[in-house]
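Participant: got a sequence here, can you model it:
(chains A and B)
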Amino acid sequence: MHDILKRGLCAALLAGAALGLVYPLPAAETATPTEMLANFSSVWSEDAWTQRGGRWPDGYMLETGHAQWQTRMKTFHALVATGETARPDMFTALKRADTPGRILAAQALGYLPAGEDVQPLLAALKNDPDPAVRLYAADVIGMWGQAAAVADKLRELREQESNRDVKMHITYALERGDEPLKREITQTLVDWEVSQLDSARVEQPAPEFALQAVTGERVALEDFRGQRNVVLVFIYGDT
Amino acid sequence: MREKIADFEALDAQVLAVDPHEAWSAKYLLKDAGFSTSELRFPLLLDPTQTVSATYGVAFQMRVHTEISNRPATFVIDKAGVLRYARRGEAFGDRPTPNDLLEVLRSL
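Facilitator: Residues are numbered from 1 along each chain as shown, chains lettered A, B, ... in the order given. Now for the predicted structure:
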């Protein structure tokens, strides 16, 4: 190859790299939790979230077909699959990330192996301007089995809290005491295949599932095969 | 839905509800809404990691009770395991009526 051609190729590669063409953004498996959250924030912040004045009011819903939620699920999965080494980055995000990033970091922290230091969570519960961050921070303290250890502090923060839902979640954490999240629940998320995301299509085989019922028994879609039709209703606690 | 459960049974249909919380907080939320688990007429399944919700395309699409949660959605799956009906709600409380669903089941 002529030198001039080599130099040209090098320049093209460097320019491509600078534009992210040759070296694409790190795949979820190799990105750090901070990079995962930054990537998520750039997707989540640029449209629906920002257009709503930087927040979703209660009852706000994405339009059907809007793909923004898929990035959130992929990031949630990747953060939790990273395991306990993700914890320091996510504590940093609790302090420094934008609102969507802080909410997701707080939500995902609950599924990581329990840490002993809950001060960053108490600080978020006390100070964060977004109630979803405070709500999930309260959840994490409960999910880590640490609520009994900081019960007085939680009661004090509940007194100061103005949001009814956050108050309720502090109460859940207090009632939970020192009962941590079952490890098999986290494993369900770690084992989940991202290829299953949004895979339910009419006139095609329904995606299989097996879940525990609130009354304890395990119920799988295949239990009804050849026996009964299934009406599957997604609810949220009180409907 | 709870009142019509006999009609669903007559059409060979099993109603399953999916809630995106752990067991003990789901019980608490039910209590807050005026129900107890013993009054349920169908299984209340728990999807605390929202993996089934994401698979069915409903996760993380609505802010409700301050959480970033599932949009309301209803699916009908026939005895062969084929998805025959999907309705993803457009607004809080936007759901098919029990009669809508009974009509779908009659048409299978």
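
Participant: by contact count, what packs against the helix or strand of chain B with the lowest mean pLDDT?
Facilitator: Here the helix or strand of chain B ranked lowest by mean pLDDT, DSSP states H and E is helix B:23-32, holding a mean of 75. Helix B:23-32 sits against helix A:164-176, strand B:44-46, with contacts defined as 3 or more C-beta pairs under 8 Å, 6 or more residues apart in numbering or on different chains; DSSP states H and E. For every residue, glycine as well, the C-beta is placed using N, CA and C.

Participant: need the winner for burial among those.
Facilitator: strand B:44-46 (a mean of 24; mean count of other C-beta atoms under 10 Å in any protein chain shown).

Participant: which stretches of chain B form helices?
Facilitator: Using DSSP state H, the helices of chain B run over residues B:5-10, B:23-32, B:51-55, B:98-106.

Participant: please apply the same query to chain A.
Facilitator: Using DSSP H, helices in chain A cover A:3-18, A:33-44, A:50-51, A:68-82, A:87-96, A:99-109, A:119-127, A:131-143, A:151-160, A:164-176, A:183-191.

Participant: show residues contacting stretch A:111-125.
Facilitator: For stretch A:111-125, the surrounding residues in contact (C-beta atoms under 8 Å, 6 or more residues apart in numbering or on different chains) are A:79-80, A:83-84, A:86-87, A:90-91, A:94-95, A:102, A:106, A:109, A:133-134, A:137-138, A:140-141, A:143-146, A:149-150, A:153-154, A:157, A:166, A:170, A:180-181, A:185-186, A:189, B:49.

Participant: CA atoms only for that stretch, dumped as PDB, please.
Facilitator: In PDB, the C-alpha atoms belonging to stretch A:111-125 read as follows (Å, rounded to 0.1, in the frame of the first residue of the first chain):
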ATOM      1  CA  TYR A 111     -32.100  -5.500  43.200                       C
ATOM      2  CA  LEU A 112     -28.300  -5.400  43.700                       C
ATOM      3  CA  PRO A 113     -26.800  -7.500  46.500                       C
ATOM      4  CA  ALA A 114     -27.500  -5.700  49.700                       C
ATOM      5  CA  GLY A 115     -25.000  -3.200  50.900                       C
ATOM      6  CA  GLU A 116     -24.500  -2.200  54.500                       C
ATOM      7  CA  ASP A 117     -24.000   1.600  53.900                       C
ATOM      8  CA  VAL A 118     -27.500   3.100  53.600                       C
ATOM      9  CA  GLN A 119     -26.400   6.700  54.200                       C
ATOM     10  CA  PRO A 120     -26.500   7.600  50.500                       C
ATOM     11  CA  LEU A 121     -30.000   6.200  50.400                       C
ATOM     12  CA  LEU A 122     -31.100   8.200  53.500                       C
ATOM     13  CA  ALA A 123     -29.600  11.300  52.000                       C
ATOM     14  CA  ALA A 124     -31.600  10.800  48.800                       C
ATOM     15  CA  LEU A 125     -34.700  10.100  50.800                       C
END
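
Participant: average pLDDT for that stretch?
Facilitator: For stretch A:111-125, mean pLDDT rounds to 96.

Participant: got the buried residues for that stretch?
Facilitator: Buried residues in stretch A:111-125, counting neighbours by 16 or more other C-beta atoms under 10 Å in any protein chain shown, are found at A:111, A:112, A:114, A:115, A:118, A:120, A:121, A:122, A:124, A:125.

Participant: for that stretch, the distance to its chain's centre please.
Facilitator: Stretch A:111-125 sits 15 Å away from the centroid of its parent chain (C-alpha atoms, centre = their mean, to the nearest Å).

Participant: follow-up on the earlier one: redo the helices and strands packed on helix B:23-32 as a markdown table? Include mean pLDDT and distance to residue A:71.
Facilitator: Shown next, in a markdown table, are the helices and strands packed on helix B:23-32 (pLDDT from 0 to 100; distance: least, C-beta to C-beta, whole Å):
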| stretch | mean pLDDT | distance to residue A:71 |
| --- | --- | --- |
| helix A:164-176 | 95 | 25 |
| strand B:44-46 | 95 | 25 |
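
Participant: adding distance to residue A:232, write those out as TSV.
Facilitator: Formatted as TSV, the helices and strands packed on helix B:23-32 follow (distance: least, C-beta to C-beta, whole Å):
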stretch	distance to residue A:232
helix A:164-176	26
strand B:44-46	9
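
Participant: among the ones you listed, which is nearest residue A:208?
Facilitator: strand B:44-46 (13.3 Å; C-beta to C-beta).

Participant: so how far is residue A:181 from the spatially most central residue of chain A?
Facilitator: Taking C-alpha atoms, centre = their mean, the centroid of chain A lies closest to residue A:76, which sits 3.5 Å from it. Going from residue A:76 to residue A:181 by C-beta to C-beta, to the nearest Å gives 15 Å.

Participant: would you check which pair of the buried residues of stretch A:111-125 lies furthest apart?
Facilitator: Spatially, the most separated pair among those is A:111 and A:122, at 19.1 Å (C-beta to C-beta).

Participant: pull the contacting residues for the residue lying closest to residue B:95 once chain neighbours are set aside.
Facilitator: Spatially, and ignoring its direct neighbours in sequence, residue B:95 is nearest to residue B:72 (5.3 Å; C-beta to C-beta, 6 or more residues apart in numbering or on different chains). Shown in contact with residue B:72 (C-beta under 8 Å, 6+ apart): A:234, A:235, A:236, A:239, B:58, B:62, B:88, B:89, B:92, B:93, B:94, B:95.
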